[in-house]
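S.K.: quick one: sequence plus predicted model below, questions after.
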4 protein chains.
Amino acid sequence: MAAHRPEPQDPAFEERVRASFAKQGAMHTIGATLAEVAPGRAVIELPWQQALTQQHGFLHAGMVATALDSACGYAAATLMPADAGVLTIEYKINLLAPAQGERFRMEGLVLKPGRTITVAEGRAYAHHEGGEKLVATMTATLMTITGRAGIRH
Amino acid sequence: MAAHRPEPQDPAFEERVRASFAKQGAMHTIGATLAEVAPGRAVIELPWQQALTQQHGFLHAGMVATALDSACGYAAATLMPADAGVLTIEYKINLLAPAQGERFRMEGLVLKPGRTITVAEGRAYAHHEGGEKLVATMTATLMTITGRAGIRH
Amino acid sequence: MAAHRPEPQDPAFEERVRASFAKQGAMHTIGATLAEVAPGRAVIELPWQQALTQQHGFLHAGMVATALDSACGYAAATLMPADAGVLTIEYKINLLAPAQGERFRMEGLVLKPGRTITVAEGRAYAHHEGGEKLVATMTATLMTITGRAGIRH
Amino acid sequence: MAAHRPEPQDPAFEERVRASFAKQGAMHTIGATLAEVAPGRAVIELPWQQALTQQHGFLHAGMVATALDSACGYAAATLMPADAGVLTIEYKINLLAPAQGERFRMEGLVLKPGRTITVAEGRAYAHHEGGEKLVATMTATLMTITGRAGIRH
């Protein structure tokens, strides 16, 4: 997707992103971990849990979206200034297949960074019986927030 | 939104929708209840919980989306045949304001029912200190699934 | 959709919006006119033309989207400062029915105005044999652009 | 994007797609040509024209979307049965940069083919002063239409 290797403005981007992730009650609730943080890229993983299912026992699409949105947001955050926060303005998700699996991997990748607006793409994969399957794709629009100390980090 | 009053094909639509809702582990996890079910319309409510927050203590956007997606899906389901299941193909959500409040109300409304494809709109409201605020809007595309017994109900 | 009556910052909003519309080669090409401009609202109309059709002789979805995007953009522009320009960041369109008719009416309405980001909704209606039919719905995210003189008006 | 090489069901897919393209008045109006047709992939090109501009002389976003939507639709059509038509249910477009250039290239690629629903992604590139720039990205949901002879081809 992103052809170039973007340069982070904040050398401590990984520490900043991991600190923000640790503060999200929702990520803890769904058992998600931040598997990878790189410039313009973030990967979130989570295991299947009964508590996160829809009516057939697959991972609920909302949980797929929650983790994918966070992967896109943190991918964007890696390229933002040290004092900035990231806000999801909107996203669109296509659910390509039921999220059936033992664990899930959500990749967020910056497609176009910007001073105010960043566009990122997400891909969700289900790991099931040894195979990997693309189950959802997302496009998200993120906004860089500065100067609202304590609100948006 | 929907100007006309749609006619349900299945007189037992409410019972069917409520039975499906009760099977969703995710809805139970987030403390959601099905507050209203009517032809072409479903309303889901949930209280604030620390376990569902983002890093500032507001309701995580993913949880807003999860409940809103379910509201849209069940709104669509009310107009489907008795033996049909509903599948979310895709949705788009715009997050208009932080989901700050003591409780939340998600309304799903069918904009255009169809034999195969149904389009629904969702609105999420936060109730905070006596006031109500629109915090998110969704458009969702749902598909009627028949003949895959045991899979999609 | 928008429950309140928004207050324009620029009393000359209508003149500004109409001047911008007049400069769009594409609007002239598709025969569109700006039928209505009000605070937070813009309506564009266009007649059917063979030159704008898809393979069955209906209005091409791209032309529906073009006019609807402009209606959303100008609706947003009515609430922006006098020296600002409007930029469409993204939109999503659901095509509900074939755009079959003699003329078309596209309504744009601001759902949530903002200093930087404005969210608008659009509805496209086909007028056919005396009746009116909703054929498409849009959600658009617009950005206020200032300080890039000559580029974004 | 699509990792696998999809197999067309209809060996005459290219002829079928080109015949449909030729019938679109809108594609002729915007000067678009079908540069490439392959299984799961279609590329549309068009030159800059004053008649297709927005107020700064760049290609109107609606025209970018029109060509991109067609590229996605024809990419999906390559994998459909001989007697099927393709219908765009919905799409979402992110406009990443102004469409400034002498000519434009829109690529559509199937991300997930399906019997009823196909998901495709589009990328629009502007060619300007010897360079190429990604100016827009699209995700589109397409539907296979059969048994409505004469309506959807």
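M.R.: Thanks, I have it.
S.K.: which SS state does the residue nearest to the spatial centre of chain A fall under?
M.R.: In chain A, the residue lying closest to the centroid (Cα atoms, centre = their mean) is residue A:71, at 0.9 Å. Recorded secondary structure, residue A:71: helix (DSSP: H, G, I helix; E, B strand; the rest coil).
S.K.: who are the contact partners of it?
M.R.: A:42, A:43, A:44, A:106, A:107, A:108, A:122 (Cβ atoms under 8 Å, 6 or more residues apart in numbering or on different chains). From N, CA and C alone the C-beta is placed, and that goes for glycine too.
S.K.: how far away is it from chain C?
M.R.: Distance, residue A:71 to chain C, using Cβ to the nearest Cβ, to the nearest Å: 19 Å.
S.K.: which strand residues bridge the residue lying closest to that residue once chain neighbours are set aside?
M.R.: For residue A:71, ignoring the flanking residues on the chain, the nearest one in space by Cβ to Cβ, 6 or more residues apart in numbering or on different chains is residue A:108 at 3.3 Å. In this entry, residue A:108 is beta-bridged to residue A:42, residue A:122, by DSSP bridges.
S.K.: what's the helix or strand harbouring residue A:119 packed up against?
M.R.: Here residue A:119, judged by DSSP states H and E, is contained in strand A:117-128. Judged by 3 or more Cβ pairs under 8 Å, 6 or more residues apart in numbering or on different chains; DSSP states H and E, the packing partners of strand A:117-128 are helix A:61-77, strand A:85-95, strand A:103-112, strand A:131-145.
S.K.: alpha carbons of the last one, in PDB - could you do that?
M.R.: To tie it back to what came earlier, the one meant is strand A:131-145. Output of strand A:131-145 as PDB, limited to C-alpha atoms (Å, rounded to 0.1, in the frame of the first residue of the first chain):
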ATOM      1  CA  GLY A 131      -4.200 -20.800   7.700                       C
ATOM      2  CA  GLU A 132      -4.500 -17.100   7.500                       C
ATOM      3  CA  LYS A 133      -7.500 -15.400   5.800                       C
ATOM      4  CA  LEU A 134      -8.300 -11.700   5.100                       C
ATOM      5  CA  VAL A 135     -11.600 -11.000   6.800                       C
ATOM      6  CA  ALA A 136     -12.000  -7.300   6.700                       C
ATOM      7  CA  THR A 137     -10.500  -4.100   5.100                       C
ATOM      8  CA  MET A 138     -10.800  -0.600   6.400                       C
ATOM      9  CA  THR A 139     -10.100   2.900   5.200                       C
ATOM     10  CA  ALA A 140      -9.800   5.500   8.100                       C
ATOM     11  CA  THR A 141      -9.400   9.200   8.200                       C
ATOM     12  CA  LEU A 142      -7.500  10.500  11.200                       C
ATOM     13  CA  MET A 143      -6.800  14.000  12.500                       C
ATOM     14  CA  THR A 144      -3.800  15.400  14.300                       C
ATOM     15  CA  ILE A 145      -4.800  17.200  17.400                       C
END
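S.K.: any buried residues in it, and which?
M.R.: A:134, A:135, A:136, A:137, A:138, A:139, A:140, A:141, A:142, A:143, A:144, A:145 (16 or more other Cβ atoms under 10 Å in any protein chain shown).
S.K.: dump the residues you listed into TSV; add pLDDT and distance to chain D as well.
M.R.: As requested, the buried residues of strand A:131-145 are exported to TSV (pLDDT from 0 to 100; distance: Cβ to the nearest Cβ, whole Å):
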residue	pLDDT	distance to chain D
A:134	97	7
A:135	97	10
A:136	98	10
A:137	98	6
A:138	98	9
A:139	98	6
A:140	98	9
A:141	98	7
A:142	97	11
A:143	96	13
A:144	96	16
A:145	92	19
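S.K.: contacts only, for residue A:16.
M.R.: Residue A:16 neighbours (Cβ under 8 Å, 6+ apart): A:10, A:77, A:82.
S.K.: do residue A:17 as well
M.R.: Counted by Cβ under 8 Å, 6+ apart, residue A:17 has contacts A:34, A:37, A:42, A:74, A:77, A:78.
S.K.: now residue A:96
M.R.: Per Cβ under 8 Å, 6+ apart, neighbours of residue A:96: A:134, A:135, A:136, A:137, D:111, D:112, D:119.
S.K.: near the last one, how many other residues are there?
M.R.: In other words, residue D:119. 22 (other Cβ atoms under 10 Å in any protein chain shown).
S.K.: what's the answer for the one 5 residues further on, then?
M.R.: When counting by other Cβ under 10 Å, one arrives at 28 neighbours for residue D:124.
S.K.: skip the chain neighbours and tell me the closest residue to it.
M.R.: residue D:136 (4.0 Å).
S.K.: do residue A:29 as well
M.R.: residue B:51 is the one closest to residue A:29 (Cβ to Cβ, 6+ apart), at 4.5 Å.
S.K.: and if you look at residue A:89?
M.R.: residue A:141 is the one closest to residue A:89 (Cβ to Cβ, 6+ apart), at 4.6 Å.
S.K.: one step back: just the contacts of residue A:96 now: which is nearest chain B?
M.R.: Ranked by distance to chain B (Cβ to the nearest Cβ), these are led by residue D:119 at 7.9 Å.
S.K.: shouldn't that closest one be in contact with residue D:138?
M.R.: No. Using Cβ atoms under 8 Å, residue D:119 makes no contact with residue D:138, being 11.0 Å away.
S.K.: contact residues of chain A facing chain D?
M.R.: A:1, A:92, A:94, A:96-97, A:111-112, A:119, A:121, A:134, A:137, A:139, A:141 (Cβ under 8 Å from any Cβ of the partner chain).
S.K.: now for these: which two are most distant?
M.R.: A:97 and A:112 (27.3 Å; Cβ to Cβ).
S.K.: more neighbours: which of these two?
M.R.: residue A:112 (20 against 14).
S.K.: who's in contact with that one?
M.R.: A:118, A:119, D:94, D:96, D:97, D:134.
S.K.: partner residues bridging the residue nearest to residue A:89?
M.R.: residue A:90, residue A:119.
S.K.: surely it and residue A:119 touch.
M.R.: Yes. The pair residue A:141 / residue A:119 is scored as a contact, 5.8 Å apart, by Cβ under 8 Å.
S.K.: joint contacts of these two?
M.R.: With Cβ under 8 Å, 6+ apart, residue A:141 and residue A:119 have common neighbours C:90, D:94.
S.K.: right, I'll call it a day here.
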